[in-house]
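J.: sequence? don't have it. structure:
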């Protein structure tokens, strides 16, 4: 089976890191394709960047020429997962939700440790909408910006480990979720240092995507994520992508259908 | 004072209708500027269209050459308000929230009557995120598509009035909120037929925007809506707009600042 | 248009201060009438005083000889707004709800700073009943009694500013609401010192009342606030007031009706 | 021990009926004193009447010349219990809360059957504030006005029994709570007809008051219900009652103290 | 009337202490029978022990040869109350719920002080399921194990008193609930030291059981706690007990019925 | 890897059916071991049976002589998962939670279709405790008893399909979860008939268990599920099982440890 793992920012090295972690997490026989949006911000740490990412991810998926069996949106707390679900017939997994969902099987309460204070509200909102907030005792900021995770991994590990410890001691968290796609590569070290299980959203998403594919399950199409109605879209300058959605979506669905069937 | 009222779809006639209602609702001395996104769907009735609208609205606002004192996003249940708030220094009002907020002063429970069944989840999610859901007893679909509101207003009035009556009788609603920017022009007739107050989000938003401007209040900039960090944005083909956000946002803020001060 | 702003306690100087702030907040052409209850406590800082205020406010409104277009109950966290809504045809705004409702358009989470610790529960309960509690992260007491706000405004400003800063730093508030009608006159100074927007409930209520009047909206009369049933009231010694409610209410409604219509 | 059971309206025959039921429910050795407010409405079915009742009940309790060990406010869904708790040192029980609290020990979900549709919101609000709403699946109106319960008990029994059956069948209630003090005398018959336990709030309140007295427990005085601060009250024409609260409350507390101690 | 008070662990001295407190709390004429499970843990401080206790308590009740009018499960935060309610016709009271329910009549918010940190989640879960969590501001651990309460009562009193003070100061609790059946005998001393009312669940449960018996109320049998369906139970080695449930339950019901009728 | 799938009742044929479905759902290389409790009810449809099952499942797991990498509790809405998590070092998955967790990735709201009306509350409670209730719009009973699923699969399929259709039409469910371990074998047929995705909890649990094992994740041991404290357990007649928990748990943990490591 083939899973597209789409970065939410335009930093290629981050896409590669995410794909590496995804491959480590994947079962034998799963092919991981890392995609980078063609437009957007080098890192997502706010609402405008996140809205750009929503379209950037959809655009990247629509342009992908091959078949695929699932899509993972590899940004923590970003907008857009609902659009992908509407657009595609194959399963879509947001790493925000994947991390939280698996964490809930590992302990009674979890905490998310993310990058900057300003991204905390975005994550809280995603968990609330997903109905995965009631066991989340805190979303804590490490103070490290997204790009600093790559630039100074050692400092990042320290900062994240500190917040994880605070989450366990003060917020009574029993599980830690890494709240940024860019943290995936630090996960192993953080896990060794932590007193509780540490869940990486990318890895969790890969396994959940495989699970859904394996069980022949995909997004319900009866209401919220029903295929878009026939519409005139105009003015969008990115030809081979989202703007052609009303027709391409069908073919993506068609394309994805058999792929999904081959899973 | 000048208020930008931005349609979420590319249908000009709908922008005009919305602006007409906004002008009727506005106080003397308020100038209403209707804006139409340069790209996007002719009507928004789903997630992909709504994500396009989020960027389309931001783009239209950034391209607006003059000063302004507030922005109204005139789509019911659409994504994107958080981005506008981050991007601008002047007040931003989403009509989804405006309609709900005023409704809560008029009765103990309200119901939203919208267009199609598939837009109900989008509205429910916006109200949940805004913390305005606890007094909302239902979001009901009239079965009329957005464009049908213009094409067959008589049928739309019937369908909306029917659902409003059901909301009062079955869901115990005491106030009705019109759940689509395109319903604004039907509001007067629906109000005459209804047994309870009917709130139009566009009109409500205009008055709320005037209120905030008049009181010298605007979006808090300490965390969620703090100005975007300096970022490299790339690949966005719409030059004079969102893609130039990190610098333009500043000048928009500067531009808006004095305008806000003149309110 | 004419708006009655009713103090909840019997301290005339406080009524005057509240009316001054209301006038500053009002649009041109809005007449503000400050009313003081004929009975009750010199300041409201508890439940018995608040229940007296509920009747005192209704009594003051019923005795007002002229026409009016809206009523503002200018006590933060007091009982009684529901009674006014039942009694009157014109819009009724409680400053507790007005401050919270506007705050929600300015930031993701707000905090109320009030007077004494013992008034915190009253405010929390009002916000809960109004469905405006989910974005309220804290109600903080400054430790200043209501009358001390007038007696020692400098100390009050310090204490309130300190709590506002704590609310932003510890509770993650992005907006501050002044939690006492008597704080209105301090608002300007507190605003200058605060790092986030500061909302005064009285000013907010004036603008919201104007908004509802301007839009021709008033309280729904279908269930919760339907006119009182014909009843025998007895024993009430305050002749020209609440005790005559079943009949006077009608005439108040009649009186208010045209006034509302002229808004 | 002596328990004051205070009617919320001025209809003496209803006070007598409530006292009769209270005596049936009471243990041997408990003296029940029925009190009727000196002012207020003949029946409470709305907000103004309920606010009058809040003061009427406090007034009646303050005028009671003897000692007592607990006070029961015998109106379902009325305002004012918080004031009594602040004013008194002895336990205070509201029948709304008493009925709900006992119901929760008898089944997983309960439904309240009350009089008119317009009183439903008052009851819902009281349960919400009391934190007793989460197991309440519905508050249903029988359509019988309060005074009709006395005038046509047979019709009342039919209407209440019908709603109780609907609550069990449709709302999945496992217990019924009678939602009006005036229903107490019908309780026995309704119980015989119902398929589930039927809780009368008056009877429940008597037993709960006895329980608290027996265990030497009374209202916490640290914050919400701390004794009122010294205040100047003015203009209140009801001399020997609430208006003298700041001093009388002390003596009531003093008076009640030993009485409570003798329980 | 006769009430069975069933310890959840196998420590006889603790059963005796609990029964002593129950007798002190009981009205004249109430007979308290303390029961100890025949199997299980010497103290319950975790999930496996609590699941054993659930069966141990049911087993002890089924083996009790006489008639009885109510059963109290005297463990704080333990599993199993639902099973007892299904099995019996007489009222069943869990002390977790009894303590919380009475606390809610004494103050606006309560805190539970329990033994070890690891039992906090069990208590939180029970309160959540019972719908008694919304006024609970915290469940605090004293750090004393269950058996240490007996071994070193002085240290236990200190530790519990400290946590109670923290709960009042930091969590804004207005009432303290003792969160362990084994704390019952320390209650008097803790009460003397506390600034707020202290509720012991065992004492509360006795009074609540008496209340239900006195009012002729017992568990609803329509759905959740309907008698078990006829089933083949196998493999259970404890002959005269739970394993014979399907038939014995009937006779227990029968046996209990008249007893309940004699209450 | 080896996964124990433990039936909650003593009906061997049901264990076999569950194991068959588990094997179909499992990845290549996963060994499924079906276990049947040695004691308990032939089917679980109530609280006493469920409490027996809690111990029966723990007992069966403790007696299992080999190593294993995860345990699945294959009863929908049963007690006991917390005990297993406390007792074991390897991941534990309850099918109630597994079905709900996967359903949330497939649509915005899901509905559970279970057997009898009396089991609905048990399922609702489990979802509430697991924090997986907010997207669950209903738990519907098909009216088929557990054993009837085997005896008359055709009728069961009809009844379940009917309820699924109602859930989609009336409750706005977008995904159906099969609410009984015994429904697993009917899943394929029901899926073919349904208009929305149908999730079987057993299959979901197998994939989730594999996911956790594959990612090297297991239950957090810091608080809620920390290993039991050293305790004297007595009176339990089932020697080689739960009663020896304090020591055996260690060896089970030890035994499981390497097994987990080999996953």
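T.: Here it is on my side, so go on. Computed from a predicted model, the values in this text were never measured in an experiment.

J.: In contact with the closest residue to residue A:114 other than its chain neighbours: list those residues for me.
T.: Nearest non-adjacent residue to residue A:114, counting by CB to CB, 6 or more residues apart in numbering or on different chains: residue A:179, 3.2 Å away. Backbone N, C-alpha and C define where each C-beta goes, glycine included. Counting by CB atoms under 8 Å, 6 or more residues apart in numbering or on different chains, residue A:179 makes contact with A:76, A:77, A:96, A:99, A:112, A:113, A:114, A:115, A:119, A:123, A:139, A:201.

J.: switch to 10 Å and redo it
T.: By CB atoms under 10 Å, 6 or more residues apart in numbering or on different chains, the residues touching residue A:179 are A:76-77, A:95-96, A:99-100, A:111-115, A:119-120, A:122-123, A:139-142, A:160, A:163, A:200-201.

J.: same check, this time on residue A:22
T.: With CB under 10 Å, 6+ apart, residue A:22 has these contacts: A:3-5, A:30, A:32-34, A:72, A:74, A:95, A:181, A:184, A:200, A:202-203, A:205-207, A:209.

J.: one step back: in strands, which of the contacts of residue A:179 appear?
T.: Taking DSSP state E as the definition of strands, the contacts of residue A:179 contribute A:111, A:112, A:113, A:114, A:139, A:140, A:141, A:200.

J.: any idea which of these has the most stuff around it?
T.: residue A:200 (33 neighbours; other CB atoms under 10 Å in any protein chain shown).

J.: ok, back up a step: read off the pLDDT value for the residue nearest to residue A:114.
T.: Per-residue pLDDT puts residue A:179 at 94.

J.: Does residue A:30 touch residue A:2 like I think?
T.: Yes. Using CB atoms under 10 Å, residue A:30 is in contact with residue A:2, at 7.7 Å.

J.: Tell me the secondary structure of the residue nearest to residue A:152 when sequence neighbours are not counted, please.
T.: Distances taken as CB to CB, 6+ apart put residue A:144 closest to residue A:152, at 7.7 Å, once the chain neighbours are dropped. When classified by DSSP: H, G, I helix; E, B strand; the rest coil, residue A:144 comes out as coil.

J.: ok, which stretches of chain A are strands?
T.: Under DSSP E, chain A gives strands at A:2-6, A:31-35, A:40-41, A:70-73, A:92-94, A:110-114, A:136-141, A:175-178, A:198-200, A:233-234.

J.: what sits up against the third one?
T.: When contacts are defined by CB under 10 Å, 6+ apart, strand A:40-41 is touched by residues A:7-11, A:48-57, A:59-60, A:146, B:228-229, B:231-236, B:243, B:245-246.

J.: Show the buried residues in these.
T.: Listed as buried from those are A:7-11, A:48-57, A:59-60, A:146, B:228, B:231, B:233, B:235-236, B:243, B:245-246; burial here means 16 or more other CB atoms under 10 Å in any protein chain shown.

J.: Counting neighbours, what do you get for the residue of the stretch 151-263 of chain A found nearest chain D?
T.: Here the residue of the stretch 151-263 of chain A nearest chain D is residue A:172; by CB to the nearest CB that distance is 22.2 Å. Neighbours of residue A:172 under the rule other CB under 10 Å: 19.

J.: try residue A:150
T.: 16.

J.: Enumerate every residue touching it.
T.: By CB under 10 Å, 6+ apart, residue A:150 lies in contact with A:11, A:13, A:14, A:17, A:43, A:156, A:182, A:185, A:186.

J.: Can you tell me the closest non-neighbouring residue to the second one?
T.: Which is residue A:13. Closest residue in space to residue A:13, ignoring its immediate chain neighbours: residue A:150 at 6.3 Å, by CB to CB, 6+ apart.

J.: Next one, pLDDT for the one you found please.
T.: With respect to pLDDT, residue A:150 scores 89.

J.: so which residue of the stretch 51-200 of chain A comes closest to chain D?
T.: residue A:134 (13.8 Å).

J.: OK, contacts around residue A:5?
T.: The neighbours of residue A:5, taking CB under 10 Å, 6+ apart as the test, are A:15, A:18-19, A:21-23, A:26, A:32-35, A:70-74, A:93, A:95, A:181, A:202, A:205-206, A:209.

J.: ditto for residue A:24
T.: Contacts here follow CB under 10 Å, 6+ apart; on that basis residue A:24 touches A:32, A:184, A:185, A:187, A:188, A:200, A:202, A:203, A:206, F:215.

J.: Narrow these to those in helices?
T.: A:187, A:188, A:202, A:203, A:206 (DSSP state H).

J.: Only the buried subset of these, as a ChimeraX command please.
T.: In ChimeraX, this line selects whichever of the ones in helices among the contacts of residue A:24 come out buried by 16+ other CB under 10 Å:
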select /A:187,202,203,206
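
J.: from memory residue A:213 sits against residue A:71, does it?
T.: No. The criterion here is CB under 10 Å, and residue A:213 misses it with residue A:71 at 11.1 Å.

J.: Run through the residues of the stretch 151-263 of chain A sitting next to chain E.
T.: For the stretch 151-263 of chain A, the residues in contact with chain E (CB under 10 Å from any CB of the partner chain) are A:172, A:174.

J.: Which parts of the stretch 151-263 of chain A are helices?
T.: Taking DSSP state H, counting those that start in this stretch to define them, one finds helices in the stretch 151-263 of chain A at A:153-170, A:187-193, A:201-214, A:245-261.

J.: still on that earlier bit, between all of the ones in helices among the contacts of residue A:24, which two are at the greatest distance?
T.: For those, the maximum inter-member distance is 15.3 Å, found between A:188 and A:206 (CB to CB).

J.: so where's the stretch 1-150 of chain A shaky on pLDDT?
T.: Under the criterion pLDDT under 70, no range of the stretch 1-150 of chain A is flagged.

J.: Tell me the residue of it that sits nearest chain E?
T.: Counting by CB to the nearest CB, the stretch 1-150 of chain A gets nearest chain E through residue A:108, at 5.4 Å.

J.: Closest to residue B:87 out of the ones in helices among the contacts of residue A:24?
T.: Taking CB to CB as the measure, residue B:87 sits nearest to residue A:202 out of the ones in helices among the contacts of residue A:24, at 29.3 Å.

J.: The closest residue to that closest one other than its chain neighbours: how many residues sit nearby?
T.: Excluding the flanking residues, the one nearest residue A:202 by CB to CB, 6+ apart is residue A:184, at 4.5 Å. Neighbour count for residue A:184, taken as other CB under 10 Å: 25.

J.: how close does residue A:184 get to chain C?
T.: Residue A:184 sits 27 Å away from chain C, going by CB to the nearest CB, to the nearest Å.

J.: from memory that residue sits against residue A:75, does it?
T.: No. Using CB under 10 Å, residue A:184 is not in contact with residue A:75; the gap is 11.6 Å.

J.: Any chance you could list residues touching both of those two?
T.: Taking CB under 10 Å, 6+ apart as the criterion, residue A:184 and residue A:75 both touch A:18, A:95, A:201.
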